[in-house]
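Visitor: starting from these lines, generate the structure:
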Amino acid sequence: MERNPQISSPNRSYNAFDCIKVFTILLVILGHITRIYSPNSSFPHEENRIISLITYAIYSFHMPLFIFVSGCIYGLGRKKGKYEKTSDFMINKFKRLIIPYLSFGVLVLAPCLIFTQLTSKSYINYLLSDLLIGGDIKHLWFLLSLFEMFIIAHILKPILITKPFYVFAASIFFPIIIDVHSWGGQFNMTFKFLPYFLLGYYIIFKDKWKTKLNWTTTTLLCILILGAMFIQIKYPSIGYKYGIMDNIIAFPIIFIIYNITSQKIRLNANRQYYQILLKDNFGIYLFHPMIIYVLYYLHVFDSLNYYIQIILIFCITSFISIVITSCIKKTRLKFIIGE
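Guide: Got it, this is the predicted structure:
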């Protein structure tokens, strides 16, 4: 069968993943804002049912998609001959993920949590009891979990290529068998999202999953997604058990988005804001929650309608995150964002 030129071209493939990275970072920012209006928020507001449903929809797939793309990019690197030497691979990932985790946690996260009263611990106590052991580390769980997923994928790469079914089955069912979802904390997140990373790595490394969607397939997948969402919302004791329903929702959404971006690759890719969001993606991820915390702690927009609050805080948070990231890149502190 003739290969799809839109997917087989390395540059176009990178563009497809770039589109997803930009899309997901915007979803991450929006999700962290709308979550404020959900039950058990860090900054109590009157619950808004519509905003809570929007938050649920975003959280049902945005991090699986983000991690899936990370796996895809790892697969592209492996295809190009990168990461062959384990020591170089470990040093690269330590520099890109662990150093930012520690430095950002010490210099930014801990002071911000204390200032906004999101922790009652002292600075030193927070560093020792949370940051160093992966406790209440907020969004930085992603850095630790991604580092662990890179290591796991690197170790499993021979088996993943030759016996992918067994690896995927193990990554999904092994956490269920040992009930890792009840453990809580960052380690739980690693196992929860590992299947998405391994899937991204496999389909790129082996040139799989190049199906062009038709209306019938898309409609059936949407029915499956909506049905699973309904069950998860209506019967939470069933829907959230072991994260099974999470997978039923997230995998089809990833499949749809991946195929759409692979086919519709010229999505204003040369526009300046797109390039900025792409270039500063990692820094935006690190800094945006801090800005959200401060804005809500100071009650800057409390007098406004909830929807106007969300729009304003989304725009302000995105802008300030980009400015801070751009400024840090010009200083010796750029190690904070893994550069």
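Visitor: what about residue 258, distance to residue 71?
Guide: The gap separating residue 258 from residue 71 is 11 Å, by Cβ to Cβ, to the nearest Å. Heads up, the C-betas are built off the backbone N, CA and C, glycines and all.
Visitor: go on, residue 318?
Guide: Taking Cβ to Cβ, one finds residue 318 at 26 Å from residue 71.
Visitor: more neighbours, those two?
Guide: residue 71 (26 against 20; other Cβ atoms under 10 Å).
Visitor: okay, now the nearest residue to residue 194 once chain neighbours are set aside: neighbour count?
Guide: Excluding its sequence neighbours, the residue lying closest to residue 194 (Cβ to Cβ, 6 or more residues apart in numbering) is residue 171, at 5.0 Å. Look at residue 171: counted by other Cβ under 10 Å, it has 21 neighbours.
Visitor: which ones are touching residue 171?
Guide: 191, 194, 195, 198 (Cβ atoms under 8 Å, 6 or more residues apart in numbering).
Visitor: specify the local secondary structure of the residue nearest to residue 97 when sequence neighbours are not counted.
Guide: Excluding the flanking residues, the one nearest residue 97 by Cβ to Cβ, 6+ apart is residue 147, at 4.3 Å. Under DSSP: H, G, I helix; E, B strand; the rest coil, residue 147 falls in the helix class.
Visitor: and residue 147, how far from residue 94?
Guide: Per Cβ to Cβ, residue 147 is found 8 Å from residue 94.
Visitor: and those two? Which one has more around it.
Guide: For residue 147 versus residue 94, neighbours defined as other Cβ under 10 Å are more numerous around residue 147 (18 against 13).
Visitor: my guess is that one meets residue 90, correct?
Guide: No - between residue 147 and residue 90 there is no contact under Cβ atoms under 8 Å: 9.6 Å.
Visitor: residue 112: neighbour count?
Guide: A count of neighbours around residue 112, defined by other Cβ under 10 Å, yields 19.
Visitor: for the residue lying closest to it once chain neighbours are set aside, the count of nearby residues, please.
Guide: Distances taken as Cβ to Cβ, 6+ apart place residue 290 nearest to residue 112, at 4.6 Å, with adjacent residues excluded. Residue 290 sits with 23 neighbouring residues when counted by other Cβ under 10 Å.
Visitor: residue 92 now?
Guide: Count around residue 92 with other Cβ under 10 Å applied: 16.
Visitor: circling back to that earlier point, who touches both of residue 258 and residue 71?
Guide: Common contacts of residue 258 and residue 71 (Cβ under 8 Å, 6+ apart): none found.
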